[in-house]
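Participant: What follows is a predicted protein model with its sequence.
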Amino acid sequence: MSMKALVVVNYQNDHVVGPVSNRYTQLIEENIVERIEDTLKSKGKVFFLVDSFNESHFRDQKNGVRYCIRATPGAELYGRMNDYSSKGSIIRKETCGSEELLGHLRTFDSIEICGVETEKDILANAIIAKTSNPKAEVVVRQNCVATRNSALAEEALDVLSGIGVRIL
């Protein structure tokens, strides 16, 4: 029996309806819910990878946008993700990619990545998945990712395809 992992990246209030959201982020919610339900039905594991920053993280930032600050509503999972949070594992991160995630993905045959910031966080964590488990099939579905910059997102998906990530 194959072991399946689903990694939901940054599907948090600040990313979906807050200061770093865009018009596409809310549109993928139902698609992500379908992937979660499918993963749980097949006895797979769901990981919610979330940005979690201290105020001090933003002191050196040039653009001044503060988001996903620990213990604020903006850092919480968005919408229907809350229906599934107790059925998955929440991994907090302070960078685009998660070193902790790398350790969790070593035993899976199939790893799917979905969520927001295609050209940054999706790209970084798909590379981490491929690195931690080179034999696993790593998948990114275009209808389950969103970003503010669609041109960079397309390039990111091309890069992922080039390293063997399946783009559906």
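Facilitator: In hand now; what should we look at?

Participant: hey, let's count contacts and neighbours off CA atoms from now on
Facilitator: Noted.

Participant: in this structure, which strand has the most residues?
Facilitator: The residue-count maximum for a strand in the chain (DSSP state E) belongs to strand 137-146.

Participant: Check which strands are paired with that strand and give the direction for each one.
Facilitator: strand 110-116 (parallel), strand 166-167 (parallel) (DSSP bridges).

Participant: so after the first one, what's the next helix or strand?
Facilitator: So that's strand 110-116. Sequence-wise, the next helix or strand downstream of strand 110-116 (DSSP states H and E) is helix 123-132.

Participant: Would you mind giving the orientation angle of that following helix with respect to strand 137-146?
Facilitator: 170 degrees (axes from the mean of the first three to the mean of the last three Cα atoms, to 10 degrees).

Participant: hang on, the earlier thing: tell me which of the strands paired with strand 137-146 sits most buried.
Facilitator: With neighbours defined as mean count of other Cα atoms under 10 Å, these peak in mean count at strand 110-116, which reaches a mean of 25.

Participant: can you give me the offset of the lowest-mean-pLDDT helix or strand in the chain from its chain's centre?
Facilitator: Ranking every helix and strand in the chain by mean pLDDT, DSSP states H and E puts helix 99-104 at the bottom, with a mean of 92. Between the centre of helix 99-104 and the centre of its chain there are 13 Å (Cα atoms, centre = their mean, to the nearest Å).

Participant: re the thing from before, hmm, who's touching the longest strand of the chain?
Facilitator: Contact partners of strand 137-146, identified using Cα atoms under 8 Å, 6 or more residues apart in numbering, comprise 24-25, 28-29, 31-32, 109-118, 122, 126, 129-130, 164-168.

Participant: go again using 7 Å as the cut-off
Facilitator: 24-25, 28, 31-32, 109-118, 129-130, 165-168 (Cα atoms under 7 Å, 6 or more residues apart in numbering).

Participant: picking up where we left off before, closest one to residue 5 among the strands paired with strand 137-146?
Facilitator: Closest approach to residue 5 among the strands paired with strand 137-146 (Cα to Cα): strand 110-116, 4.7 Å.

Participant: Kind regards, and thank you for your time.
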